[in-house]
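> got a structure for you, letters missing:
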């Protein structure tokens with residue numbers, strides 16, 4: 001079992017873009033959240049600071065009237081118009097006793113504790129539907145100590161505060177959404193060179209590696225990676241060239257002694273006694289198999305190195321296939337393998353006849369040699385608009401894991417095939433030549449049958 005943190009870590013490690021988006025979004029939310037609380041605190045301070053200042057100015061003006069003996073000129077306790085949202089209460093109290101008790105229906109404005117002369121006391125007064133803000137001033141009226149209290153209903157200011165909070169919250173949410181969109185756009189744009197670099201790496205052909213990687217301009221952080229990859233590509237390309245040169249040189253060097261062995265074996269077979277002729281015949285068969293291996297190695301190295309290029313021309317694929325099937329049928333007859341070609345008319349395509357003939361020979365002879373005895377090899381072209389040759393033969397011994405090895409050099413399913421007539425390069429050569437002709441050679445298993453698909457072929461109209 002993995003913890004939630006483990007799952008989140010794996011989710012972030014999957015993609016660099018996700019990690020950048022999470023970091024940017026989290027940073028943006030923290031920034032905007034801090035900005036929201038800072039603005040909220042600043043707005044509240046400004047609103048209530050200004051309200052306390054206005055309330056204190058009113059209280060000082062009323063204190064002048066009370067000190068001068070004009071308490072009867074103080075404003076009424078409640079506004080005459082009940083539709084007025086802001087209400088103000090003014091009361092004169094004794095400092096110790098609550099002889100100026102609040103009239104019925106009005107809030108109790110008595111300060112929570114004694115008021116010091118020259119020091120205004122601000123406090124909140126609870127109301128039935130809200131609260132009021134009050135300020136108390138100590139003064140003397142006609143030589144007697146008094147406390148002047150001025151209170152103002154906060155309903156209107158609380159309503160304004162709530163509207164400001166809502167507007168600020170909406171602004172923060174919209175800014176967060178816009179910031180998230182900008183983060184997505186910036187991450188995608190910032191990672192575009194990396195995507196192009198990855199695409200350039202994915203387009204690399206293992207058989208034809210360039211000396212340097214062709215990619216767009218990269219950020220400075222990726223330049224060392226590109227240089228390291230270029231150096232690795234150069235080493236791999238040099239190793240491939242050495243391997244191909246070695247295979248070509250070995251094949252060339254073996255052709256002469258192999259020809260001498262064949263000539264000597266043929267002469268010895270003619271002059272040998274009947275019991276010894278079988279041994280010389282076996283030598284000739286081994287020499288022929290070695291000759292096919294050498295020829296395939298030379299062809300592989302020549303086409304993989306780009307030393308030979310295809311020469312496409314119009315050809316009837318159906319007629320060419322019929323010729324090659326007739327040749328492969330002789331090989332399959334010894335094992336009871338028959339070929340069944342779907343009836344079709346002419347299929348004219350644009351391709352190199354020599355290379356295509358070699359591909360077909362390898363595929364058909366491989367089917368004739370490895371199909372189950374007394375089985376049928378089925379051939380079909382599929383859609384006439386895009387010819388795709390399909391060769392199906394029974395292969396109960398093959399498994400899905402074996403498909404990746406088809407086309408590898410010298411691969412065989414089991415050691416028992418190491419002494420057969422094939423050199424282990426037929427499918428490898430077929431796959432290489434198919435790539436040279438711009439064709440795809442794919443293998444799959446279907447109900448115990450090996451299916452080889454070659455194509456699609458170029459029509460004469462393209």
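Happy to help now that I have it. Please read these numbers as outputs of a predicted model, since none were measured by experiment. Residues are numbered from 1 along each chain as shown.
> State the mean pLDDT of stretch 164-171.
Averaged over stretch 164-171, pLDDT sits at 85.
> again with stretch 327-338
90.
> ok, and for it, which residues are buried?
By 16 or more other Cβ atoms under 10 Å, the buried positions in stretch 327-338 come out as 328, 332, 337. For the C-beta atoms, the positions are set from N, CA and C on the backbone; glycine is no exception.
> so who does the second one touch?
Residues touching residue 332, when contacts are defined by Cβ atoms under 8 Å, 6 or more residues apart in numbering, comprise 338, 339, 367, 368, 369, 371, 377.
> That one: helix or strand, and which one exactly?
helix 317-333 (DSSP states H and E).
> need the helix or strand of the protein with the lowest average pLDDT.
Among the helices and strands of the chain, helix 4-14 carries the lowest confidence by mean pLDDT, DSSP states H and E, at a mean of 54.
> Show the average pLDDT along the next helix or strand after that helix.
Next along the chain after helix 4-14, taking DSSP H and E as the criterion, comes helix 16-67. Mean pLDDT, helix 16-67: 84.
> elements contacting helix 16-67?
Contacts defined by 3 or more Cβ pairs under 8 Å, 6 or more residues apart in numbering; DSSP states H and E place helix 16-67 against helix 4-14, strand 88-93, strand 131-141, strand 144-153, helix 155-202.
> If we use 7 Å, what do you get?
helix 4-14, strand 131-141, strand 144-153, helix 155-202 (3 or more Cβ pairs under 7 Å, 6 or more residues apart in numbering; DSSP states H and E).
> Residue 22: which of the ones you listed is closest?
helix 4-14 (6.4 Å; Cβ to Cβ).
> hmm, who's touching the helix or strand that contains residue 443?
Using DSSP H and E, residue 443 sits within strand 440-446. Residues outside strand 440-446 that contact it (Cβ atoms under 7 Å, 6 or more residues apart in numbering) are 398, 400, 403, 406, 430-431, 434, 450-455.
> List the buried residues in it.
441, 442, 443.
> quick one: which of those residues is nearest residue 362?
For the buried residues of strand 440-446, the nearest to residue 362 is residue 441 (10.0 Å; Cβ to Cβ).
> in the sheet, who's paired with the closest one?
residue 454 (DSSP bridges).
> what does the model give it for pLDDT?
Per-residue confidence (pLDDT) for residue 441: 91.
> picking up where we left off before, from the contacts of residue 332, which land in strands?
Secondary structure assignment by DSSP state E places 338, 339, 377 of these in strands.
> Show me which of those residues is closest to residue 314.
Comparing the ones in strands among the contacts of residue 332 against residue 314 with Cβ to Cβ places residue 339 closest, at 25.1 Å.
> doesn't residue 329 make contact with that closest one?
Yes: counting by Cβ atoms under 7 Å, residue 339 does reach residue 329; the two are 5.4 Å apart.
> All the helices of the stretch 351-462 of the chain, residue numbers only.
Assigned by DSSP state H, counting those that start in this stretch, the stretch 351-462 of the chain shows helices spanning 353-370, 426-436.
> Quick one: closest of the ones you listed to residue 60.
The minimum distance between residue 60 and the helices of the stretch 351-462 of the chain falls on helix 426-436, with 96.4 Å, by Cβ to Cβ.
> who does the closest one touch, helix- and strand-wise?
Against helix 426-436 (3+ Cβ pairs under 7 Å, 6+ apart) you get helix 274-304, helix 353-370, strand 440-446.
> quick one, the last one and helix 426-436 angle?
Interaxial angle of strand 440-446 relative to helix 426-436 (axes from the mean of the first three to the mean of the last three Cα atoms, to 10 degrees): 130 degrees.
> What angle do helix 353-370 and strand 440-446 make with each other?
Using the same axes, to 10 degrees: strand 440-446 against helix 353-370 is 20 degrees.
> Please report how far residue 356 lies from residue 159.
Per Cβ to Cβ, to the nearest Å, residue 356 is found 86 Å from residue 159.
> out of those two, which sits in the more crowded spot?
Between residue 356 and residue 159, counting by other Cβ atoms under 10 Å, residue 356 is the more crowded of the two (25 against 12).
> contacting residues for that one?
Per Cβ under 7 Å, 6+ apart, neighbours of residue 356: 320, 437.
> How about the one 10 residues further on?
Neighbour list for residue 366: 426, 427 [criterion: Cβ under 7 Å, 6+ apart].
> On the pLDDT front, check it for me.
89.
> how close does it get to residue 153?
Taken as Cβ to Cβ, the span from residue 366 to residue 153 is 97 Å.
> Please state the offset of stretch 49-58 from the chain centre?
Centroid separation for stretch 49-58 versus its chain: 60 Å, with Cα atoms, centre = their mean, to the nearest Å.
> actually stretch 253-271, sorry about that
Per Cα atoms, centre = their mean, the centroid offset for stretch 253-271 relative to its chain is 60 Å.
> Just give me the neighbour total for residue 271.
9.
> cool, residue 91 as well?
Neighbourhood size, residue 91 [other Cβ under 10 Å]: 22.
> wait, isn't it in contact with residue 109?
Yes: at 5.2 Å, residue 91 counts as touching residue 109 under the criterion of Cβ under 7 Å.
> Now do the shared contacts for these two.
Overlap of the contact sets of residue 91 and residue 109 (by Cβ under 7 Å, 6+ apart) consists of residue 149.
> since we're on residue 321, how many residues are nearby?
Residue 321 has 22 neighbours, counted by other Cβ under 10 Å.
> And for residue 379?
By other Cβ under 10 Å, neighbour count at residue 379 equals 22.
> Report the beta-bridge partner residues of it.
residue 341, residue 391.
> roughly how far apart are it and residue 341?
5 Å.
> returning to that earlier point: wait, which of the helices of the stretch 351-462 of the chain is closest to residue 185?
Within the helices of the stretch 351-462 of the chain, the stretch nearest residue 185 is helix 426-436; the backing value is 39.7 Å (Cβ to Cβ).
> Nearest to residue 118 among the ones in strands among the contacts of residue 332?
residue 377 (113.7 Å).
> Just send the helices of the stretch 351-462 of the chain back as JSON lines, with distance to residue 195 too.
Formatted as JSON lines, these follow (distance: least, Cβ to Cβ, whole Å):
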{"stretch": "helix 353-370", "distance to residue 195": "36"}
{"stretch": "helix 426-436", "distance to residue 195": "26"}
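> Tell me which of these sits nearest to residue 200.
That would be helix 426-436 among the helices of the stretch 351-462 of the chain, by Cβ to Cβ, at 19.6 Å.
> what mean pLDDT does the closest one have?
Helix 426-436 comes out at a mean pLDDT of 82.
> swap in stretch 227-240?
So the average pLDDT for stretch 227-240 ends up being 78.
> Repeat that for stretch 370-385.
Rounded mean pLDDT across stretch 370-385 is 85.
> Could you pull out the buried residues of that stretch?
370, 371, 372, 375, 377, 378, 379, 381.
> One more: stretch 276-289?
280, 283, 284, 287.
> how near is the second one to residue 277?
For residue 283, the distance to residue 277 under the criterion Cβ to Cβ works out to 10 Å.
> ok, now residue 219?
Where residue 277 is concerned, residue 219 sits at a distance of 74 Å (Cβ to Cβ).
> Much appreciated, bye for now.
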